[in-house]
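>>> Using only what follows, build the 3D model:
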Amino acid sequence: MRVLVLSLLVACGGGSLPPPPPYTPVDSPEPATRCPDQRAAAKQAREDHLEKGTSQTRAAVAQAVFAQAECERDSFDNTAIDAPAQARMIENLRAARQQYLAARNLYLEVANYQALEWAVGAHSRHGDLEADFADRLRAARPPGDISDAQDRAAFLTQLGDFAQTYDAQAVVAWREALRAAALLPSLADTDRRVAGWVDAACAGLRRLGATPGTESAMCNRN
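This next block holds a predicted model:
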């Protein structure tokens, strides 16, 4: 069982995730992506913002990077985890985590642009991503070539431990969404998209039994 556990730690990272690297536009090979059009648009928007540095270009780059994050998120949703064999499942977990990180890092980049509506959306959707990964880990079944009952139970325990870590990260992200929304509460009253992101963050916190924190008024505005 030890090999399996260590392999899963490599696959899922043990819940300890490094911060995303800063964006540095250099002429180096870009990693593979399932969202080439969105990546190209985001890259152009970054370059425009570096050149002009206006509030308009800040909002535009946040929107473009958010669009790429959503596309990468769709790819994560379509990445299978379960598999009939242990080795294949570990490969699936690594692929799922890689796709998760691609979306996660983009959401965090969006938030750094301090374009308020997109910051709310990025934090809220980041929370959804973390929680969804946790749910998928809890729903995963042991592969068929793990036949020993104790090993199967240990496998599920391992995935459950990882899931709790991602749940905790979801709570942090959702609270950040509410904190950003609270900087301009009227935005959620006038922008239905922002209102949806706020409501999703509030619903996620309630589902996990977490309190919204000092920004609880955002969840009680209606």
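>>> Which parts of the protein are helices?
2-12, 36-52, 55-77, 86-112, 116-139, 149-182, 186-190, 192-207 (DSSP state H).
>>> The longest one packs against which elements?
Taking 3 or more Cβ pairs under 8 Å, 6 or more residues apart in numbering; DSSP states H and E as contact, the helices and strands that helix 149-182 lies on are helix 2-12, helix 86-112, helix 116-139, helix 192-207. To be clear about C-beta, it is placed using only N, CA and C from the backbone, and glycine gets the same treatment.
>>> do that again at 6 Å, thanks
Counting contacts by 3 or more Cβ pairs under 6 Å, 6 or more residues apart in numbering; DSSP states H and E, helix 149-182 is packed against helix 2-12, helix 116-139, helix 192-207.
>>> Buried deepest among these, which one?
helix 116-139 (a mean of 23; mean count of other Cβ atoms under 10 Å).
>>> For that one, list the C-alpha coordinates in PDB.
Extracted C-alpha coordinates of helix 116-139, given in PDB (Å, rounded to 0.1, in the frame of the first residue of the first chain):
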ATOM      1  CA  LEU A 116     -13.300  44.300  -9.000                       C
ATOM      2  CA  GLU A 117     -16.000  42.400 -10.800                       C
ATOM      3  CA  TRP A 118     -13.500  40.000 -12.300                       C
ATOM      4  CA  ALA A 119     -11.800  39.600  -8.900                       C
ATOM      5  CA  VAL A 120     -15.200  38.500  -7.400                       C
ATOM      6  CA  GLY A 121     -15.700  36.100 -10.200                       C
ATOM      7  CA  ALA A 122     -12.200  34.700 -10.100                       C
ATOM      8  CA  HIS A 123     -12.300  34.000  -6.400                       C
ATOM      9  CA  SER A 124     -15.800  32.500  -6.500                       C
ATOM     10  CA  ARG A 125     -15.000  30.300  -9.500                       C
ATOM     11  CA  HIS A 126     -11.700  29.300  -7.800                       C
ATOM     12  CA  GLY A 127     -13.600  28.200  -4.800                       C
ATOM     13  CA  ASP A 128     -16.000  26.200  -7.000                       C
ATOM     14  CA  LEU A 129     -12.900  24.500  -8.600                       C
ATOM     15  CA  GLU A 130     -11.400  23.500  -5.300                       C
ATOM     16  CA  ALA A 131     -14.700  22.100  -4.000                       C
ATOM     17  CA  ASP A 132     -15.400  20.200  -7.300                       C
ATOM     18  CA  PHE A 133     -12.000  18.600  -7.100                       C
ATOM     19  CA  ALA A 134     -12.700  17.600  -3.500                       C
ATOM     20  CA  ASP A 135     -16.100  16.100  -4.600                       C
ATOM     21  CA  ARG A 136     -14.500  14.200  -7.400                       C
ATOM     22  CA  LEU A 137     -11.900  12.700  -5.100                       C
ATOM     23  CA  ARG A 138     -14.600  11.600  -2.600                       C
ATOM     24  CA  ALA A 139     -16.600  10.100  -5.500                       C
END
